[in-house]
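Trainee: only geometry, no sequence info:
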DNA sequence: TTATTAATTGAATGTTCATTCAAAAATACT
DNA sequence: AGTATTTTTGAATGAACATTCAATTAATAA
């Protein structure tokens, strides 16, 4: 008996608003009070659900990193068509989706936080490693099925992601849309040439 | 007549301390008061030299971006030996120097600031563009002298820096020193293969 | 010595911050 | 109706913040 818990929903609402305010004002200028104002609730309610700002930040990082999964959601394709999947994946990795999915300011602020907080750094690292392992796995299968011929799937996967990360880093400075898309296309081309596709 | 100005020296001291405190505490947790305490001076003296925090931040960005030049300081080599210069440059770009020169936390915090401040973004962009143009110039000369044969110096320079940036981004998460150096070596190898050296 | 200029201090401003605590309101079950 | 549980509020805390202003101290040159 007693009142039903709204914990999960409320926590989610709070984090979403946190992200929204951070997009508008910058992460370092976002306070519990501001989130509360935006939600028209009392600041202490946020503390009630998150204990302190540190916990709030952890939840925000999780929220942001979960966005990665969106990119990896696969369209329907024949289960064993590894090569199509690979090409589709490369396509997504070098798509504009990244820039619509992530807010650069918030993203790099979170990344910077990782260097002052071991737990956050670990979150980033384990995600990146998982992504690399996943790609390496795909490459291995493609190799096995003769779809591609590369030497080391692990090293190649690593290299592809270095290209992705480097592309994302530099592209975020490019304001001209046309130039931006042109560059992205070039980088993708290089990635494909690494795979000898 | 009147007292001599210490403006330049003082400003430099302040920025250096700012960077130092930011390294220790994180940029977003660094206040004028903290810098002043560290310097054993009055907070208002910092305002006296920088007007407000915004100006202080601009100066910090300049300070950080100037560090790039250190990497480009050339050892003595024959003036017209373009290929040696190129190899030396690639060597430096993929060296551990980056990580000793820049504090990751402060660097990415500054980078993030760029997305909320046009002036800062411009500073980053124009530096990166200058670096790319410089490398493209070297590549062009090497091409002309027959030292290398590549299609587009501009595109290649761009690609090399995408590799550098991506490598720096990912490597900063790698804590194992041996693994870190191994990766760096691989990325450099790929850069060289792009140049067909 | 005196006038001039710049460095530096110190106190005060008002704002925002994260966090605490107790009290109230809302909801659910018996 | 009554009890248990959770949500939510509201007031209060003390600390830290950027910035201001006037006053003081220190150096320099005439």
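Mentor: Okay, I see it. Note that the structure is a prediction, hence the values are computed from the model and not measured. Numbering: from 1, shown residues only, chains lettered A, B, ... in the order given.
Trainee: How about the residues of chain A by DNA strand C?
Mentor: Near DNA strand C, the residues belonging to chain A are A:1-4, A:29, A:31-34, A:43-44, A:47-48, A:51-54 when assessed by CB under 7 Å from any atom of the strand. For every residue, glycine as well, the C-beta is placed using N, CA and C.
Trainee: which of these count as buried?
Mentor: Neighbour-count burial (16 or more other CB atoms under 10 Å in any protein chain shown) applied to these gives A:32, A:34.
Trainee: From the residues of chain A next to DNA strand C, which land in helices?
Mentor: Taking DSSP state H, the ones among these that sit in helices are A:32-34, A:43-44, A:47-48, A:53-54.
Trainee: Show me which of these is closest to residue B:12.
Mentor: Relative to residue B:12, the closest of these is residue A:53; by CB to CB it sits at 34.0 Å.
Trainee: And the closest one, how close does it get to residue B:27?
Mentor: Using CB to CB, to the nearest Å, we find residue A:53 at a distance of 17 Å from residue B:27.
Trainee: Repeat that for residue A:186.
Mentor: Here the criterion is CB to CB. By it, residue A:186 lies 33 Å from residue B:27.
Trainee: now swap in residue A:189 and tell me
Mentor: Here the distance between residue A:189 and residue B:27 works out to 37 Å (CB to CB).
Trainee: and what of residue A:119?
Mentor: Noted for residue A:119: a distance of 19 Å to residue B:27, by CB to CB.
Trainee: more neighbours, the two?
Mentor: For residue A:119 versus residue B:27, neighbours defined as other CB atoms under 10 Å in any protein chain shown are more numerous around residue B:27 (25 against 12).
Trainee: For the nearest residue to the more buried one once chain neighbours are set aside, grab the count of nearby residues.
Mentor: Closest residue to residue B:27 in three dimensions, ignoring its sequence neighbours and counting by CB to CB, 6 or more residues apart in numbering or on different chains: residue B:109, at 3.9 Å. A total of 25 residues lie near residue B:109 under the criterion other CB under 10 Å.
Trainee: And residue B:109, how far from DNA strand C?
Mentor: Here residue B:109 is placed at a distance of 17 Å from DNA strand C (CB to the nearest atom of the strand, to the nearest Å).
Trainee: For the host helix or strand of that residue, name the packing helices and strands.
Mentor: The secondary structure element spanning residue B:109 is helix B:104-113 (assigned by DSSP states H and E). In this structure, helix B:104-113 packs against helix A:104-113, helix B:7-25, helix B:53-72, helix B:118-144, with contacts taken as 3 or more CB pairs under 8 Å, 6 or more residues apart in numbering or on different chains; DSSP states H and E.
Trainee: quick one: it to helix A:104-113, angle?
Mentor: Using axes from the mean of the first three to the mean of the last three CA atoms, to 10 degrees, the direction of helix B:104-113 lies 170 degrees away from that of helix A:104-113.
Trainee: What mean pLDDT does helix B:104-113 get?
Mentor: Here helix B:104-113 scores 98 as its mean pLDDT.
Trainee: Residue A:109 is in contact with residue A:28, isn't it?
Mentor: Yes. Under the criterion of CB atoms under 8 Å, residue A:109 is in contact with residue A:28, at a separation of 6.5 Å.
Trainee: Give the residues shared as contacts by these two.
Mentor: With CB atoms under 8 Å, 6 or more residues apart in numbering or on different chains applied, the overlap between the contact sets of residue A:109 and residue A:28 consists of B:28, B:109.
Trainee: give the contact list for the residue of chain A found nearest chain B.
Mentor: Closest to chain B within chain A is residue A:166: 2.7 Å, counting by CB to the nearest CB. Residue A:166 sits next to A:187, B:161-167, B:169 when contact means CB under 8 Å, 6+ apart.
Trainee: tell me which helix or strand of chain A sits lowest on mean pLDDT?
Mentor: Ranked by mean pLDDT, DSSP states H and E, the helix or strand of chain A with the weakest confidence is helix A:97-101, at a mean of 87.
Trainee: And it, what does it pack against?
Mentor: Helices and strands touching helix A:97-101, as assessed by 3+ CB pairs under 8 Å, 6+ apart, comprise helix A:53-72, helix A:153-171.
Trainee: Tell me how far residue A:87 lies from residue B:44.
Mentor: Using CB to CB, one gets 61 Å for the distance from residue A:87 to residue B:44.
Trainee: Could you do residue A:114 as well?
Mentor: Separation of residue A:114 from residue B:44 (CB to CB) stands at 35 Å.
Trainee: Ok, residue A:45 next?
Mentor: Between residue A:45 and residue B:44 the distance, using CB to CB, works out to 38 Å.
Trainee: Likewise for residue A:28?
Mentor: Counting by CB to CB, the gap from residue A:28 to residue B:44 is 23 Å.
Trainee: any idea how far residue B:121 is from the spatially most central residue of chain A?
Mentor: When chain A is reduced to its mean C-alpha position, the closest residue under CA atoms, centre = their mean turns out to be residue A:68, at 3.6 Å. Here the criterion is CB to CB. By it, residue A:68 lies 25 Å from residue B:121.
Trainee: likewise residue A:125?
Mentor: For residue A:125, the distance to residue B:121 equals 27 Å [CB to CB].
Trainee: got it, and residue A:90?
Mentor: According to CB to CB, residue A:90 and residue B:121 sit 29 Å apart.
Trainee: and if you look at residue A:175?
Mentor: Taking CB to CB as the criterion, residue A:175 is separated from residue B:121 by 9 Å.
Trainee: Now do the same for residue A:78: its pLDDT.
Mentor: The model reports residue A:78 with a pLDDT of 62.
Trainee: Likewise for residue A:151?
Mentor: Value listed for residue A:151 in the pLDDT field: 96.
Trainee: which residues touch it?
Mentor: Taking CB under 8 Å, 6+ apart as the contact definition, residue A:151 lies against nothing.
Trainee: What of residue A:28?
Mentor: Taking CB under 8 Å, 6+ apart as the criterion, residue A:28 is in contact with A:109, B:27-28, B:109.
Trainee: Most widely separated two among these?
Mentor: A:109 and B:27 (9.6 Å).
Trainee: Show me the common contact partners of those two, please.
Mentor: Overlap between the contact sets of residue A:109 and residue B:27, as judged by CB under 8 Å, 6+ apart, is given by A:28, B:109.
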